[in-house]
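Chemist: Structure here, sequence nowhere to be found:
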C-alpha cells in the first residue's frame with residue numbers, strides 16, 4: 001500500500017496542465033494583439049477577423065522565458081526529498097521563435113486577406129529534478145510539454161464597420177515523461193510499458209477558430225473570437241499514464257473585448273477570455289468529490305490527474321504614441337483564482353499556474369521596418385497545503401514565477 005500511495009502523491013504534485021493557445025492568444029508571437037484589434041501579421045491568431053485591417057507585412061520574432069519553480073517539503077515527509085526541491089534543474093530557460101506573413105487580396109467585391117503564421121504556444125513546459133524522487137521512481141523526474149502551431153487565416157470585410165474571419169490551425173504536440181517507474185505495473189496502470197522513460201512522443205490534429213470585429217465608431221472597436229474544441233491525437237507511448245489513454249484536445253475558448261482610442265496619442269483595451277479547461281481529460285482530479293483519494297488506474301478514463309478547472313482571464317492594456325516613430329505600451333493580465341481545498345493533492349494544476357502578468361513594450365518604426373521589444377513579469381504564485389494522513393501528512397509549499405523577453409522585427413512590403 002505504501003508503494004502505491006508514494007507514487008500517487010508524487011504524480012499529483014508534478015503533473016501539469018496544458019493551457020490552450022487561445023487563452024493566451026494575446027501573447028502569440030510575443031506581441032500585444034487583442035481580440036478587438038491588431039498591429040502585426042499575428043493579429044489573426046488572436047481573432048481571425050482582425051487580419052483584414054492590417055497592412056501587407058511579414059513578422060519574425062524570438063521569445064525567451066525564465067522560469068523558477070520548486071516544492072518545499074516543510075515537515076520532511078519521507079516520500080519526498082527533504083527541504084526544497086528545484087523543479088527546473090537545468091531547465092530554467094525556454095526559447096521559441098515564430099514567423100508570420102500577411103497579404104490583402106480582392107475576392108470579388110470583398111476586401112479580404114490571407115495570413116500564415118507559425119508559432120509555439122505559451123504553454124511550453126519543462127520540469128526537471130537533479131535527483132530521483134523515491135515516491136516516483138529510480139531516475140530523475142523530467143517532464144516536457146510543447147505545442148507548436150501553424151495557422152492559415154482568412155478574413156473578409158463585410159462593410160466599413162464589420163469583418164469576419166476563420167483560422168484553420170494545425171497543432172503538433174510533443175511530450176516526454178521520465179522518472180515514474182513506480183507506476184509502471186499492472187496494479188497501477190492500464191497499459192504497463194507505456195508509462196515512463198519512452199522518449200519524446202508526438203500527436204497532432206486540426207483546430208478551427210472563428211472571429212467577428214465591429215468598428216462601432218472611429219475610436220471604438222469590439223471583437224469576439226471562438227475556438228472549437230478539437231481532438232489532436234494521442235500520446236501512444238504514454239497511454240498507460242495520462243487520462244483517457246493519453247488522448248489530447250484543444251479546448252473550447254470564447255473571448256470578447258473592446259479597444260478605445262481616447263485621443264490621438266492614447267489607446268486602451270479591455271477583454272475577457274474563458275477557456276473550457278474543465279472539459280479536458282486532465283480535469284480528472286486526484287481527490288474525488290467525497291474527499292477520498294482517486295484510486296483508479298493510470299491511463300483509464302477515471303485516472304487521477306491535475307484537476308483542471310475552467311479559466312477566466314481579464315486583460316487590460318494601454319498604449320501611448322510618443323511620436324510618428326515611437327510608441328510604448330503596458331499590459332496586465334489576470335486569471336481569476338478559484339477556491340481550493342487545504343488538501344494539497346486537490347487541483348494540483350495550480351502549482352504551475354501564473355495568475356498575474358505585467359508587460360511593458362516598445363515599438364519603433366523606421367520607414368518600412370518595425371521593431372518591437374517587450375518584457376513581461378509573471379508574479380510569484382505560492383500554493384500551500386497538507387498531505388493526507390494516508391501518505392504521512394506534513395505541509396508542502398509550491399512556488400513558481402516567470403519572466404520573459406520578446407524581440408521582433410516586422411517589414412511592410
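Modeler: Looks like it arrived, so ask away. Being a predicted model, the structure only gives us computed values, none of them experimental.

Chemist: Now do the same contact list for residue 73.
Modeler: 80, 81, 82, 83, 84, 85, 394, 396 (CB atoms under 8 Å, 6 or more residues apart in numbering). Where C-beta positions appear, they are placed from N, C-alpha and C, glycine not excepted.

Chemist: Look at the first one and give its secondary structure.
Modeler: Using DSSP: H, G, I helix; E, B strand; the rest coil, the three-state assignment for residue 80 comes out as coil.

Chemist: Next, give phi and psi for residue 159.
Modeler: phi -160, psi -170 (degrees, to the nearest 10).

Chemist: try residue 288
Modeler: Dihedral angles for residue 288 - degrees, to the nearest 10 - are phi -80, psi 160.

Chemist: Check the average confidence over stretch 146-161, would you?
Modeler: Stretch 146-161 shows a mean pLDDT of 96.

Chemist: Run the chain-centre distance for it.
Modeler: 20 Å (CA atoms, centre = their mean, to the nearest Å).

Chemist: Could you pull out the buried residues of stretch 63-78?
Modeler: By neighbour count on 16 or more other CB atoms under 10 Å, the buried set for stretch 63-78 is 63, 65, 67, 69, 71, 72, 73, 77.

Chemist: Correct me if wrong: the fifth one contacts residue 82.
Modeler: What that stands for is residue 71. No - judged on CB atoms under 8 Å, residue 71 makes no contact with residue 82 at a distance of 11.3 Å.

Chemist: most neighbours, which of the contacts of residue 73?
Modeler: Among the contacts of residue 73, the one with the most neighbours (other CB atoms under 10 Å) is residue 80, at 25 neighbours.

Chemist: Would you check the contacts of residue 73 and say which has the weakest pLDDT?
Modeler: In terms of pLDDT, the lowest of those is residue 80, showing 87.

Chemist: show me the contacts for it.
Modeler: In this structure, residue 80 makes contact with 10, 71, 73, 133, 134, 135, 396, judged by CB under 8 Å, 6+ apart.

Chemist: next one: residue 268
Modeler: 259, 260, 262, 316, 317, 318, 319.

Chemist: how close does the second one sit to residue 149?
Modeler: Distance from residue 260 to residue 149, counting by CB to CB, to the nearest Å: 30 Å.

Chemist: Looking at the two, which is more packed in?
Modeler: Just comparing residue 260 and residue 149: by other CB under 10 Å the higher neighbour count belongs to residue 149, 21 against 18.

Chemist: That one against residue 170, yeah?
Modeler: Yes - contact criterion CB under 8 Å: residue 149 and residue 170 qualify, at 6.7 Å.

Chemist: any idea how far residue 212 is from the nearest residue to residue 43 once chain neighbours are set aside?
Modeler: In this structure, residue 43 finds its nearest non-sequential neighbour in residue 50, 4.0 Å apart by CB to CB, 6 or more residues apart in numbering. Counting by CB to CB, the separation of residue 50 from residue 212 is 10 Å.

Chemist: can you check residue 335 too?
Modeler: 24 Å.

Chemist: Run through the strands of the stretch 251-400 of the chain in chain order.
Modeler: For the stretch 251-400 of the chain, the strands defined by DSSP state E, counting those that start in this stretch cover 253-261, 266-275, 311-321, 326-335, 356-366, 369-386, 395-412.

Chemist: Nearest to residue 95, out of the ones you listed?
Modeler: Residue 95 lies closest to strand 395-412 among the strands of the stretch 251-400 of the chain, at 10.3 Å (CB to CB).

Chemist: which other helices and strands contact the closest one?
Modeler: strand 57-73, strand 369-386 (3 or more CB pairs under 8 Å, 6 or more residues apart in numbering; DSSP states H and E).

Chemist: Could you export the ones you listed as JSON lines, including distance to residue 189 and mean pLDDT?
Modeler: Putting these into JSON lines (distance: least, CB to CB, whole Å; pLDDT from 0 to 100) gives the following:
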{"stretch": "strand 57-73", "distance to residue 189": "24", "mean pLDDT": "95"}
{"stretch": "strand 369-386", "distance to residue 189": "27", "mean pLDDT": "94"}
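
Chemist: and the nearest residue to residue 87 once chain neighbours are set aside, what does it touch?
Modeler: Closest residue to residue 87 apart from its sequence neighbours, by CB to CB, 6+ apart: residue 69 at 4.5 Å. With contact set as CB under 8 Å, 6+ apart, residue 69 has these partners: 87, 88, 127, 351, 352, 398, 399, 400, 401.

Chemist: For ChimeraX, what selects the buried ones among those?
Modeler: Buried residues among those (16+ other CB under 10 Å), as a ChimeraX selection:
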select :87,88,127,351,352,398,399,400
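
Chemist: for the contacts of residue 69, which one is nearest residue 163?
Modeler: Nearest member of the contacts of residue 69 to residue 163, counting by CB to CB, is residue 352, at 36.7 Å.

Chemist: Now do the closest one against residue 69, distance only.
Modeler: Per CB to CB, residue 352 is found 6 Å from residue 69.

Chemist: Could you do residue 387 as well?
Modeler: Taking CB to CB, one finds residue 387 at 19 Å from residue 69.

Chemist: sorry, back to before: can you list the helices and strands packed on strand 395-412 in JSON lines and add distance to residue 145?
Modeler: Shown next, in JSON lines, are these (distance: least, CB to CB, whole Å):
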{"stretch": "strand 57-73", "distance to residue 145": "13"}
{"stretch": "strand 369-386", "distance to residue 145": "17"}
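
Chemist: of all those, which lies closest to residue 181?
Modeler: Closest to residue 181 of those, according to CB to CB: strand 57-73, at 19.5 Å.

Chemist: got the angle for the closest one vs strand 395-412?
Modeler: 170 degrees (axes from the mean of the first three to the mean of the last three CA atoms, to 10 degrees).

Chemist: and after strand 57-73, which helix or strand comes next?
Modeler: Per DSSP states H and E, the first helix or strand lying C-terminal to strand 57-73 is strand 83-86.

Chemist: now what about the helix or strand following that following strand, what contacts it?
Modeler: Counting by DSSP H and E, the next helix or strand C-terminal to strand 83-86 is strand 93-107. Here strand 93-107 makes contact (CB under 8 Å, 6+ apart) with 28-30, 40-45, 51-52, 54-67, 111-120, 124, 126, 156.
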